[in-house]
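Chemist: Provide a 3D model corresponding to the input given below.
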Amino acid sequence: MEKKNEDSIIDPVRYATEVVGKDPMATFLGVVVEEAREGYARCSLTIQPHYLNAAERAHGVAVHAVADQAFAVACNSLGTMALALNFNINYIAGALDGEKIFAEATPINTARKISVWRIEVRGNEDRLIASCEGVAYHK
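Modeler: Residues are numbered from 1 along each chain as shown. This is a model prediction of the structure:
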């Protein structure tokens, strides 16, 4: 992927989708980038039996993973490499085995070096599963 200089990226949405969106952990888990554009990402994950907790709901790590990936893709779509500084998640409802969950990341505020993002994870019938906030540092 070509860069303008060490920290700027020539095609930020392509970089966010094809490099960040296909990182090894997200690929291993099966997280898919459904849509990406400047300042926005939507990722999905289909809950598998091995993603369940003792209550037979999606383990928090699976819900967090899809939310974190949407956050990573969105904040890296702005033209400079971005790294997470903080991520908070509130679990609202459980996702079931076989359910496809979606995470959408949108900016609350973007500045030259720091951006703040709202990430929502939703399941069947647009049911809210988790509400999140992420803070990113832009190199």
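Chemist: what about Phe71, which helix or strand?
Modeler: Phe71 is part of helix 60-75 when elements are defined by DSSP states H and E.
Chemist: try Thr27
Modeler: helix 24-29.
Chemist: which helices and strands does that helix pack with?
Modeler: In terms of contacts (3 or more C-beta pairs under 8 Å, 6 or more residues apart in numbering; DSSP states H and E), helix 24-29 is packed against helix 60-75. To be clear about C-beta, it is placed using only N, CA and C from the backbone, and glycine gets the same treatment.
Chemist: ok, Arg118 - how many residues close by?
Modeler: 15 (other C-beta atoms under 10 Å).
Chemist: How about residues contacting the helix or strand containing it?
Modeler: Arg118 is part of strand 114-122 when elements are defined by DSSP H and E. For strand 114-122, contacts defined as C-beta atoms under 8 Å, 6 or more residues apart in numbering pick out 63, 66-67, 70-71, 74-75, 78, 82, 85, 101-110, 128-138.
Chemist: Could you identify the buried members of these?
Modeler: Neighbour-count burial (16 or more other C-beta atoms under 10 Å) is assigned, among the contacts of strand 114-122, to 63, 66-67, 70-71, 74-75, 78, 82, 101-105, 107, 110, 129-130, 132, 134-136, 138.
Chemist: Mind listing what's buried along the helix holding Thr27?
Modeler: So for helix 24-29, counting by 16+ other C-beta under 10 Å, buried means 26, 29.
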